[in-house]
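Participant: the following comprises the amino acid sequence and a computationally predicted model.
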Amino acid sequence: MTNKSKAFILSLFFICSVFVGTAKEIWVATSGNDNNPGTKEEPMATLLMAQRKARELRRLNDSSIQDGIKIILKEGTYYIDETVFFRPEDSGNFHSPTVVMGADGEKAVLSGGKKITGWQKAGTVKGLPADAKGKVWEADIPKVGGRWFEFRQMWVNGNKATRASTLGDGVLPRILSVNKQNETFGIPVPDFKIEDIKQLEFVIHQWWAIANLRVKNLELSGDSAIISFHQPESRIEFEHPWPAPYINEENNPGGNSAFYFVGAIELLNQAGEWYEDLEAGKVYYWPKEGENLKNADVIVPYLETLVRVKGTRENPVSNVTFKNIGFEHTTWLRPSQAGHVPLQAGFYLLDAYKLKIPGTPDKAGLENQAWLGRQPGAVELINAEQVNFERCNFAHQAATGIDFIAGTSKSKVEGCVFKDIGGTGIQGGYFGDDAFEAHLPYNPSDIREVVHHIQITNNLVTDCTNEDWGCVGISFGFASDITIEHNEVSHLNYSGICTGWGWTPTVSIQRNNKIKANYIHHFAKMMYDVGGIYNLSVQPKMEISNNRIQDLLKAPYAHIPEHYQYIYLDEKSTYVKIHDNWTEKDKFFSNSPGPGNEWDNNGPQVSDEIKNAAGIQPEFQDITDKVPEAI
């Protein structure tokens, strides 16, 4: 036997010996007590204190953790009052990782919600529609810190209820006119009268995005009504050029933007709808058939972020795995507090306007300036490496599911389910912020800022974008070496998988990304200018291959009805290889692309072997059993 062979066998023995050891176990149960030792027989009560116990074992370099630490949550829902932080002190290492997991075969859920109890039939409620009288129930809004709190979502027996609106009342009306100087719209006279507009919102369909505007005033003016809005969203809405809030051109077949109202007791006119009255401290709900509020499980969200993994560039959080954990019930209140006017993919405008003289150093024809904010994630990662999520369940969230924000690498999301997400399911990379204009190339001087080498594989992403229609299933901006492979992405209001950002011709840090063998279907339900797979800007060594894309839907309020496609290379997409993608039709589009793009063998002629191999692989197919096919 050669010395090399002996060395290989010894190294293999060493690696195996590391993983056959017994990790230190810290058990947690909803019936536990944080004064308990954390054994299976005497579990602790909270993840927070179990995490602290693990942190102390790390600090003291206790001999019991040489093979790692497992924090094991028994079955149940753990209602948390504050975000759980994982810091550098919580890091494991290659030989001794930290695993936070649900017990085998059990469902453990971290919830940022609060229960609503004490439901009773509502009496006389001012403004309640005649059809709803005698059918609506009421309860007190939960209190936190002695005060009622605001929420924008509610779940009844695990199903999302509908905030009272005009969205389900028939075909949506369209804006009639605009007055930019006065920051008002002219609209058809509403067929309802609202006595108190303090919580009323106006939601506009704006090409590939929506806008939530808090109503300041609504008054009749002849055969129409004039509507105005609160600041800051009013200024942004009437100054920003893209996406346009209205279209009024002869060659526009779709007409002006459609809209609906939400957030008034007068709009509660159907079973399954609810309304929160912040002045009265009451929430009202019209139960669906078969729902008994005396014993129903009614939950509203309180926390925006459940878990934040955050280190520093010099000392990232590392070697932490989350396994078989549910992340549920998160809120997002900015639309109620400052409105929500996005640029794209849910990134909202903090400031935006049209340049009088177009052009920037990066792009001569640019007329659009924008600085952005980012929706919160139920789980967020900043400055972390080798942090993995395996067979976790993300559900009932107001904004983003999981977000790799910055400085995170060598991590994966595998075998997870993302369902009932208000915004984007899986997100990562840089998209600009309040100090970095959105149309600039991102080339940081410190490469440690970059999100890179992330694997997104064998996940089910479905029924996302159900609050912000302009969000997507999986989205990565300025990032590199991202692999998005063998996922099923479905039932979305906008695009399926998006990569790239900046609308820029300049080479940036985004490169070496791969979108391979994904199954994307039932998308573009409400928005258009979409792609099953969508790419922006220069992406050296970008590959889009072996995907299956079908059931591209026609958005009902599109200004340009045919502007939808299976694969879409948007502005300055460059050096992208697109090959062997099965689509049910030969419908692709490139908008001002750069050079070096290679298209080969895409469309309905692609082999059944490639088509049928796309999507979740057999060893992870069981995760699809958790979600019915039809959403």
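Facilitator: Happy to help now that I have it.

Participant: which residues does residue 393 contact?
Facilitator: By C-beta atoms under 8 Å, 6 or more residues apart in numbering, the contact list for residue 393 reads 109, 325, 326, 327, 328, 416, 417, 419, 626. Glycine gets a C-beta too; all of them are placed from N, C-alpha and C.

Participant: what do you get for residue 496?
Facilitator: Residue 496 makes contact with 472-474, 489-490, 518, 520, 523, 531-534, 549, according to C-beta under 8 Å, 6+ apart.

Participant: hmm, 7 Å instead?
Facilitator: Shown in contact with residue 496 (C-beta atoms under 7 Å, 6 or more residues apart in numbering): 472, 473, 489, 520, 523, 532, 533.

Participant: per-residue confidence at it?
Facilitator: Residue 496 carries a pLDDT value of 98.

Participant: list the contacts for the residue nearest to it when sequence neighbours are not counted?
Facilitator: Counting by C-beta to C-beta, 6 or more residues apart in numbering, residue 520 is the residue found nearest to residue 496 once chain neighbours are left out, at 3.9 Å. Neighbour list for residue 520: 489, 496, 497, 532, 533, 547, 549 [criterion: C-beta under 7 Å, 6+ apart].

Participant: look up how far residue 578 lies from the fourth one.
Facilitator: To tie it back to what came earlier, the one meant is residue 532. Residue 532 sits 12 Å away from residue 578, going by C-beta to C-beta, to the nearest Å.

Participant: and the two? Which one has more around it.
Facilitator: Neighbours per residue (other C-beta atoms under 10 Å) separate residue 532 from residue 578, with residue 532 holding more: 30 against 24.

Participant: isn't that one up against residue 568?
Facilitator: No. Counting by C-beta atoms under 7 Å, residue 532 does not reach residue 568; the two are 8.0 Å apart.

Participant: before we move on, the earlier item: average pLDDT for the helix or strand harbouring the residue nearest to residue 496?
Facilitator: Taking DSSP states H and E as the criterion, residue 520 maps to strand 519-523. On average, the pLDDT along strand 519-523 is 98.

Participant: and the next helix or strand after that strand, which strands flank it?
Facilitator: Of the helices and strands lying after strand 519-523 in sequence (DSSP H and E), the nearest is strand 530-535. Each strand that pairs with strand 530-535, with its direction, by DSSP bridges: strand 497-499 (parallel), strand 564-569 (parallel).

Participant: just the ones you listed: most buried one?
Facilitator: The highest average neighbour count among the strands paired with strand 530-535, using mean count of other C-beta atoms under 10 Å, belongs to strand 497-499 at a mean of 28.

Participant: now do the contacts for the closest residue to residue 163 other than its chain neighbours.
Facilitator: Distances taken as C-beta to C-beta, 6+ apart put residue 262 closest to residue 163, at 5.6 Å, once the chain neighbours are dropped. Contacts for residue 262 (C-beta under 7 Å, 6+ apart) come out as 163, 164, 165, 201, 203.

Participant: kindly supply the PyMOL command isolating those of those residues that are buried.
Facilitator: Here is the PyMOL command that selects the buried residues among these (16 or more other C-beta atoms under 10 Å):
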select buried, resi 163+164+165+201+203
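
Participant: ok now stretch 265-274, how far from the chain's centre?
Facilitator: Put simply, stretch 265-274 sits 26 Å off its chain's centre (C-alpha atoms, centre = their mean, to the nearest Å).

Participant: which neighbours do residue 532 and residue 578 share?
Facilitator: residue 567.

Participant: select, out of the strands paired with strand 530-535, the one closest to residue 211.
Facilitator: Ranking the strands paired with strand 530-535 by proximity to residue 211 (C-beta to C-beta) places strand 497-499 first, at 19.6 Å.

Participant: how far out from the middle of the chain is the closest one?
Facilitator: 13 Å.

Participant: any chance you could map the strands in the stretch 151-300 of the chain?
Facilitator: Applying DSSP state E, counting those that start in this stretch to the stretch 151-300 of the chain gives strands spanning 155-156, 159-160, 162-163, 177-179, 184-188, 201-206, 209-221, 224-229, 259-262, 273-277, 282-285, 298-301.

Participant: surely residue 619 forms part of a helix?
Facilitator: Yes. Assignment of residue 619 by DSSP: H, G, I helix; E, B strand; the rest coil places it within a helix.

Participant: how about the nearest residue to it, chain neighbours excluded?
Facilitator: Of all residues not flanking residue 619 in the chain, residue 458 sits nearest, at 7.9 Å (C-beta to C-beta, 6+ apart).

Participant: list the contacts of the one you found.
Facilitator: Contacts of residue 458 (C-beta under 7 Å, 6+ apart): 414, 415, 486, 487, 616, 617, 620.

Participant: recalculate using a threshold of 8 Å.
Facilitator: Counting by C-beta under 8 Å, 6+ apart, residue 458 touches 414, 415, 485, 486, 487, 616, 617, 619, 620, 623.

Participant: any of those buried? List them.
Facilitator: Taking 16+ other C-beta under 10 Å as the criterion, what is buried in these is 414, 415, 485, 486, 487, 616, 620, 623.
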